[in-house]
Each structure stands twice: as C-alpha cells, then as structure tokens.
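Trainee: model this:
(2 chains)
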Amino acid sequence: MLVAPAKGGTRIVSLNRAAQRAGLTKDGLLSNARSKVPNLQVRDADPVADSDALRRLALWCLRYTPKVAPWDEASGADGLFLDIEGCAHLFGGEERLLADLAARLKAFRLVARMAIADTAGTAWAVARHSEQNGTIVASGKEMHTLHTLPLAALRLGEDSQRLMHRLGLRRIGEILHQPRAPFAARFQAELLRRLDQALGHAPEPLMPVVEPPVYRAQACFTEPIMTQEHVLQAATHLLGVLGRDLERDAVGIRLLRLLLFRVDGEVQSIELGLAAPSRDARHIAQLIDLRLYRLGNELEADFGFEAAAVHVRNAESLAERQASLGLHEDGASPEELARLIDRLQQRLGRHAVRQLHPHQSHTPERAVRVRPASPSARLLSGPSSHKTTKSIQAESKHRTGRGKGKRQILAPAHGTAPHPGLRPEEAWTETIAAPRPLLLLERPEPADVLAVVPDGPPRHFRWRGVLHQIAQAQGPERIAPEWWRHTAEGTRDYYLVEDAQGRRFWLYREGLYGQGATPQWFVHGMFA
Amino acid sequence: MPRQLTKAARIKALRCDLARLEGTPKGGSSAHLPLGPDEVHAHLPGPGLPCGTLNEIAAEAYDHTPAAFGFTLAMLALALHSRPGPAVLVLQARCRMDFGAPYGHGLVQWGLDPGRLVIVETRNNKDALWALEEALRSPVHLAMVAGAVAGGLDLTISRRLNLAATPRATPLVLLRGFVPVGTSAAATRWRIASAPAARDPFGTFARPRWTATLERCRNGRTGKWLIEWDHVAHRLCVVEGVADRAPVERASLQRIS
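Mentor: Numbers count the residues shown, from 1 in each chain, chains lettered A, B, ... in the order given. As a prediction, the model looks like this:
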C-alpha cells in the first residue's frame, strides 16, 4: 500500500489486491486503515519515480508503434496511449497485438488493463471501467459501448463528478442523448469536450514520447549567429566536443541532427545520415556545409540563431584506427568511398546516389531495384575472375569466327540457374537469355505500329512523332503478367527492332488478339 | 621514302615534346585505357584512351543519343574490366528523361558489372559537373568517372575537369548534350552514330555497331571507323569494309514466326 500526505492526514494513494480484499479503499485515512488491518505494509508514494517508470515503459512500447503517449495528469498519469494505426497488421492484427503486449507486460510482473478503440477517450474509458480486460471496441460502436459505463469514465474533474452525483446522474448513457445546452451552462466546457473526445467529434492531442539522443552537445552564443560560416564553425565545435565521448565509446555517428534555435523561438533542424559511421568533425562539417547549400533559402536565419545543438540519434561501433602517415594513401579504402558517397548524397539527396540491385521478377521494370548507394566490399572489388575466364573463351571463339568460309554458330548465352545460396547483390548472373535494353524508359510510351499480320512483328512505327521504318525485328519474347499481383497488365510480346539507320528499340505489344481489348504497342527501351 | 620516315619520326618526337610541355600524366600503361583495335590506337597518342584527361563523346544527331550512350558504357565496361575499384556514372536527369535510365540487366548483357557502378543523378548541369569533379578529386581509386550532361562544355569547365582528373589519372569520359560545340580542353572528342548491328548467320543481333568519328585528338590524328562492341570479350573491334552482309537485303521478317 502506498500513502501520501493529504487533506486531513495521511491518505491511501494506491493499494494492491490483498489490501482491497481487506476492505480498504483509495483515499481512505491511513490511521483508519491501520485499525482495520493490523499487519499493513505501508510505503510512501514516489510520484517522480512513477513517472520515470512510466516513461521507460513508454519508450519500451515504441517497439509496437512510433507514437506512444504517457497519460497526463487529467487522465490519471498511470497509463499509456499507443496509437497503433497502421501498426496492428505487423503483429497479426489487433487481437494478436493486445495478446502479445499482455504477455510481455505480465512477464514484467505488471498488471495491465487494456482496450483498443478508435478514440483515445473511449479506449481510456473501456480500459478503466469495463468489466472485461482487453476489450476491442469496433469502429463506430463507441456510443454503444460508453452507454453503460459510469460517468467517471469520462475523465472529469472532481468538482464536475461531485455535481453529477448530486444531480443523480450515474452512467454516461443518461447524458448521451440529453440536450447539450443545459450541460454546457452548468459544467463549463469540460464535460462536453470529454464526451466529444470520447466519441471522436473533437480532437484529442497526444504528446508522444521522443527517444532521447544517444549523444548530444549544445552551445549558446553571446551574439546571435546568422551566416553559414558561423553555423559551420559552431557545428564543428560541437562535433569536436562530441568527438571525445565518441572516441571513448569507440563509436561513430550514423544519424545526426543539428538543431539551430532562432532568436524568435523557432527551431530549425537538419538531419544527416552517413553512409558509414564516422567521428571526423571535418568530414561531417563538410556534409553540413553541402546540406546547407542544398537547402538554399529553405533555412531562414531571420534575426539569427542564439543556440545550437548536435544530437547523435544513432551511433555505430567504429574501431580505433591509426592515423595514416600520409606516405602512401590506400585509395581503395572503404572510408574514402563512404565519404565520397556522403558528400554526393548531402548535396544531391540520398536517392540521387544509387546502385542497381537485381530482383526476382519476370516483368522487366520490376527486375531491377534501385537503392541508395552504400560502400560495400563489392563496390571496391576488382575485375571479377568469373568474367575473365569467360572472356578468354569468347575471345578464342571470336578468333576462329574470323576464318573465312567457316560457318559459325553463335548461340546466345543460355542462362544457368542462379545458385540457391547466392547473396542477392551477386545474383547478376546472366539468367536472362533474351536481349535486354541498355536504357529503359521510366514508363512505356505508346507507339503507333503497323504490322504485316496483326500478331506478327512490326513493320514500321511512329513514336514521339517520328516514323521509323523497321529493317529488322527479332522476337517475340512473351512475358506474361505475374498472376500473384493483382494488376490489370496484359501479356506482353517483346520485339527487338532495328530501323533503317541502325537505331535499336525495344517494343512490345500488350494484350492478345481475340481476347478483350485491342492490343496496344509500346516503346519500352533503347538498345545502343 | 627514307625522307618520309624521318618526317614521321620527327612528328613523333615533336608530339612527345608537346605532351611533356602540356604536362599530361606520365606515360606507362596506367595512363591509357586500351580500347582493343590497333587501327584506332594508331590514331591516339598512346595505346588506348588517354586517362587523367577529359574525353568527350557526342552523338551525331539527337536521336543517336542512345548509341553514344552505348559507346560511353562500352568505355565504362572496358575500364571496369581492366582497372580495380568502383566506377561513377553521373547522369543529368534531363538526359535520362529523354531515352530512359540505364537498365541493370541490360548493363549485365553489355558486359558491365552493375555491382561496381554508382549512379549519381542530378537535376541540373551545374550539379552534374560538381559531382564529376567531386568524384575525380576524391582519394578513392575509381575505375572510371563517366558522365552524361545535357548542356555544353566551355573551356573553363573542361579545364577544371582536366585538372581534377590529372593527379590520379582517372579515366574520364563525358557524353555531351546535343548542343553546338564550343571550345573545350578535351583530349579526344568522339562523334557516334548508330549503324546496323552485326548479326549471326540466323539473323539475330549479335554485336552493336556504330560509326565512330574521332573528331579531335590532341597529339594524335583524327579518324573514322565502323566499330562494333564485343561485350563478352570486352573489346571494341573495327569492322573491315563491307565484308559483312548488308542488313536491308535480307528478308529478315520472314524468319520470325
């Protein structure tokens, strides 16, 4: 049992189940309780430690959703709101999420009452006052659910509750369908606001917890700073301060936020991601410089910044490294490559610096994934040996092919099945035997095509207003849509065509004759 | 005859002097990127494309841009094949919008390893040139820095790029937009037009071909060849005369069913 000094003596703040069974109630006087139960265990309440523990629990709950808000004083300050919109499916639905949360809290030896509802108010009411624990209120059933709950479920102040009691109102249902005007006159705005919040007619702002930065440093300036040069100097100084801590813990910065506090109370923040962990103040300051350059006029100094802070949001271990003596630079070092990528990404944007990765798909545009570049070992590797042996074979083939009068057969290299244990970034094997264009249009462009027979190869086509006479066509290569994707794509017949001037295009006809709509022709790519 | 020989020898000596005076990177195999055919090498100052200096590539006409792009990527494939380290390809978004973006499987079939390629896409000419210079100035040993810009190059920009490329002798090729040519400090300028591809006896496309004109070559001679790219052997080949079948004569369409 926890107690705290209050009006009229020490009163009970919180009590466990055993104490409840002994007939004690909250807000009772400690002296009365002692006379009822002689072997009472009493501790002083520590609200600060409680709120700390609640905050820790809130941070832990970030594993379920990025938005977790501890209850404020009016809500009792003893629970959490989890905004699980868009997160429930990650745990297999709302029921599973609730069960998972309950099991984990139980493992922490915490007794929890939980509910899911569309509004924070209803969830609070149901969690606190419903007989059943773990209720999920279906969407639109808030009013129905609230009907039978006591008025205390509306999170009202003590005065309002007492007044309600005096008026003989006990349940929410009794006021739900009453005219609003008399209530508004007697209960100020609180009652109707709480009611509207529970029903979702009024917004209820939540204050989500924010994960504290791993490392931080800040500086205040005697005079506001306004120029990019000064911001950079400040950032370099702060990074130097952080550098000692980072070095001690052998970590490097991966994700960093620079906060600039403006004189008029605004805060400007710049977030930087690094391709590889680093604690080199000069390098990071250079990245900030590039970012400021890219932001251009978006960042407004107005009357200047009076303080700056650097928060390290994510740090990764970075081993100690001896500073090079500058005798011979190892140009193939991953750090230098990471720095180059960093610099390019800060000025041009993260997605502007990219690498291509293969993806298992038959549809050409899906068979390649574009991802931001990262300094991998593969990038730094030399010419692959696999290619070398192949090129020697091909070279000998090529030489024999030059002999006159000898007919040679150059079959297109047939793809071998990819090795099952192959890492995805190495799976650029020539599994595709059919030709693929060097340049692929972002989206296929329609072309007017004339073919000799309807489902034959094209004869000439008009694309972007230019008529191309086809001298040679190769195909078709039929690519059926992936049935497991529910798209309206049709079967495609791809042709490689060459026009009279030697320009090579990749055309396809979508759809089949005699099945639904008339097939359409598209230009999809360019061969060199 | 002996007099002519001495003339050729004298020209060669003068060229060497010029190269020395211009401060081009030291000789040796690393300063040149071998292209393959000796016919082309004979026109170039060394056994291959000069490294550490700007090489320009331009299309014969606007709609030959994909061919010029293919030639650029062939250079890239050659560089990746003979030099260690990653390659950087800087593309200006406008070039990409017109004829599409490099396609991974197409690059593989071109003999190029996409795993060692970093593609940088920029919105404007200025950013593209900045990215090129940044890549060239970085201490990373890059197999090649290649670029495609929509705008032109002037003397200042090309000299900046030259200066950035020289210290590490990084091969640098730049596919230039289809704009009137200004003066530039490029070592070579190639003009590429597409040509009907080489085909195997059954009529399938085997190797792409281009008409490559070496319009400008510092310390070398200009020339014009019909060149084909062998993506398996990683080499360019000069096609002799018209020994091959002319593509239009075949009733090629009958082949397909």
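Trainee: In which helix or strand does A:Arg254 reside?
Mentor: Taking DSSP states H and E as the definition, one finds A:Arg254 inside strand A:251-262.
Trainee: So which elements touch that strand?
Mentor: Packing contacts for strand A:251-262, counted by 3 or more CB pairs under 8 Å, 6 or more residues apart in numbering or on different chains; DSSP states H and E, involve helix A:228-249, strand A:267-278, helix A:281-295, strand A:305-317. The C-beta positions use only the backbone N, C-alpha and C, and glycine is treated the same way.
Trainee: pLDDT of the last one, averaged?
Mentor: This points to strand A:305-317. Averaging pLDDT along strand A:305-317 yields 87.
Trainee: what's the next helix or strand after that strand packed up against?
Mentor: Per DSSP H and E, the first helix or strand lying C-terminal to strand A:305-317 is helix A:334-348. Applying 3+ CB pairs under 8 Å, 6+ apart, we find helix A:334-348 packed against strand A:267-278, helix A:281-295, strand A:353-358, helix A:377-380, strand B:117-122, helix B:125-137.
Trainee: mind putting the ones you listed in TSV, mean pLDDT and distance to A:Pro70 included?
Mentor: Formatted as TSV, the entries for these read as follows, by pLDDT from 0 to 100; distance: least, CB to CB, whole Å:
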stretch	mean pLDDT	distance to A:Pro70
strand A:267-278	86	23
helix A:281-295	86	34
strand A:353-358	90	40
helix A:377-380	76	44
strand B:117-122	92	44
helix B:125-137	91	45
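Trainee: Select, out of those, the one closest to A:Val310.
Mentor: helix A:281-295 (9.0 Å; CB to CB).
Trainee: Could you look up the SS state of A:Ile175?
Mentor: When the structure is split into helix, strand and coil by DSSP: H, G, I helix; E, B strand; the rest coil, A:Ile175 lands in helix.
Trainee: Could you report the pLDDT at it?
Mentor: Reported pLDDT at A:Ile175 in the predicted model: 81.
Trainee: where does the closest residue to it other than its chain neighbours land in three-state SS?
Mentor: Nearest-residue entry for A:Ile175: A:Leu169, 6.1 Å, with adjacent residues in sequence omitted and distances by CB to CB, 6 or more residues apart in numbering or on different chains. The three-state assignment at A:Leu169 reads coil, by three-state DSSP.
Trainee: hmm, back to that, contact partners of the strand holding A:Arg254?
Mentor: The contact list for strand A:251-262 (CB atoms under 8 Å, 6 or more residues apart in numbering or on different chains) reads A:213, A:218, A:231, A:235, A:242, A:246, A:267-274, A:276-279, A:284, A:288, A:299, A:301-318.
Trainee: Which residue is it, in chain B, that comes closest to chain A?
Mentor: Ranked by CB to the nearest CB, the top residue of chain B for proximity to chain A is B:Gly70, at 1.9 Å.
Trainee: Now do that residue against B:Ala193, distance only.
Mentor: In this view, B:Gly70 and B:Ala193 are 11 Å apart by CB to CB, to the nearest Å.
Trainee: follow-up on the earlier one: next up, phi/psi of the residue nearest to A:Ile175, please.
Mentor: Here is the backbone geometry of A:Leu169 (degrees, to the nearest 10): phi -100, psi 130.
Trainee: which residues of chain B fall in helices?
Mentor: B:2-22, B:38-41, B:65-82, B:93-99, B:104-109, B:125-137, B:155-165 (DSSP state H).
Trainee: In JSON lines, list those helices along with mean neighbour count and distance to A:Leu467.
Mentor: Output for those, formatted as JSON lines (neighbours: other CB atoms under 10 Å in any protein chain shown; distance: least, CB to CB, whole Å):
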{"stretch": "helix B:2-22", "mean neighbour count": "10", "distance to A:Leu467": "47"}
{"stretch": "helix B:38-41", "mean neighbour count": "15", "distance to A:Leu467": "35"}
{"stretch": "helix B:65-82", "mean neighbour count": "25", "distance to A:Leu467": "18"}
{"stretch": "helix B:93-99", "mean neighbour count": "18", "distance to A:Leu467": "18"}
{"stretch": "helix B:104-109", "mean neighbour count": "24", "distance to A:Leu467": "25"}
{"stretch": "helix B:125-137", "mean neighbour count": "21", "distance to A:Leu467": "32"}
{"stretch": "helix B:155-165", "mean neighbour count": "19", "distance to A:Leu467": "37"}
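Trainee: which residues of the stretch 151-257 of chain B fall in strands?
Mentor: If you assign secondary structure with DSSP state E, counting those that start in this stretch, the strands in the stretch 151-257 of chain B sit at B:172-175, B:188-199, B:205-217, B:223-230, B:235-238.
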